[in-house]
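Novice: have a look at this prediction, sequence included:
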Amino acid sequence: MTRADLRKQPEQVSAMFDDVAASYDRTNTVLSMGNAALWRRATTRAVAPVRGESVLDVAAGTGTSSASLAASGAWVTAADFSPGMIEVGRRRQAGATNIVFVEADATKLPFDDASFDAVTISFGLRNVVEPQKALAEFFRVTKPGGRLVICEFSTPPLGFVRFGYGVYQRYVMPPLVKLSSSNDSAYDYLNESINDWPDQPTLSGWLRAAGYTDVAHRNLTAGVVALHRGTKPLAL
C-alpha cells in the first residue's frame, strides 16, 4: 500500500489517494464522527455560491464538496491531482451537469488568470508540498473581488481540547481506520500532516502574503478544523 510522508512528494501523495479513493468518503464520515457533513455545509455557506457563478473546488476528491457547491446552480470545476479520486468522482457525480472534473496540480493550475468567482479547498492544502505557491495560484485564478475559502484541520486553542484530540488521534483513530479504510497506513500520514500543519494565525498570514484582503478565520468543532476566508482586491 502507498503511504506518503511529510516531504509530500506529489507522485507519492497522488498514488496514496488513488489507493483510498473508493473508501475515502466512508472513512472520513467514520473518523470525523459525522462532523464531515457539518464542515462541508459550513464551507459551502462560507463560499456562498450563486447560480451562474464559476467556482473552483481544489482537491475535490470524489466531488462530495463540489456537489454541495453545485446545488446552488453555480458551475463547479472539481480539480484534483489523483486520477483515482477523479475516476470515482466522475462516476458518483455523473448526474450533476454543472460539475466538471479536471486533473490538476494545485501549484500549477491549468486555468487562465481571473477565471473564477470563488476558489475553495477542503482538507487538501496541507497535502501540497508548497502550500504558499498554491495560494499564489489560487489568487491568480480568482477574479478581482472574488473570494477564497479554505477548510482545513487546525490547532484547537484550548489546551484540554488539544489534549483530548491527541488522545483520539493516538488511541481511537487507528482501530477505526482499520475497520473503515483499505489503506490504514495512509492515515498515519494523515495524523502526521495534521500535527505538522501551522496554526490559524500562520495560515492567515500566508493568505495576506498571497495578496488576499479581509482575511479572517472561524473555528469549527472547537478549533479541530478552521475556516479561512479572504477576498481578492478589485484593484491591484
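Specialist: On my side now, so go ahead.

Novice: going forward, measure contacts between C-alpha atoms and count neighbours the same way
Specialist: Will do.

Novice: quick one, strands of this structure?
Specialist: 54-58, 75-80, 99-103, 116-122, 142-153, 213-220, 225-231 (DSSP state E).

Novice: would CSV of these with mean pLDDT, distance to A42 and mean neighbour count be doable?
Specialist: Formatted as CSV, the strands of the chain follow (pLDDT from 0 to 100; distance: least, C-alpha to C-alpha, whole Å; neighbours: other C-alpha atoms under 10 Å):
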stretch, mean pLDDT, distance to A42, mean neighbour count
strand 54-58, 98, 15, 26
strand 75-80, 97, 17, 26
strand 99-103, 97, 20, 21
strand 116-122, 98, 11, 24
strand 142-153, 97, 9, 23
strand 213-220, 98, 9, 16
strand 225-231, 97, 8, 22
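
Novice: can I get those in JSON lines with distance to G159?
Specialist: Formatted as JSON lines, the strands of the chain follow (distance: least, C-alpha to C-alpha, whole Å):
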{"stretch": "strand 54-58", "distance to G159": "32"}
{"stretch": "strand 75-80", "distance to G159": "35"}
{"stretch": "strand 99-103", "distance to G159": "40"}
{"stretch": "strand 116-122", "distance to G159": "25"}
{"stretch": "strand 142-153", "distance to G159": "16"}
{"stretch": "strand 213-220", "distance to G159": "15"}
{"stretch": "strand 225-231", "distance to G159": "15"}
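
Novice: ok, S122 - contacts?
Specialist: Each residue near S122 by C-alpha atoms under 8 Å, 6 or more residues apart in numbering is listed here: V58, A59, A60, S65, I150, C151, E152.
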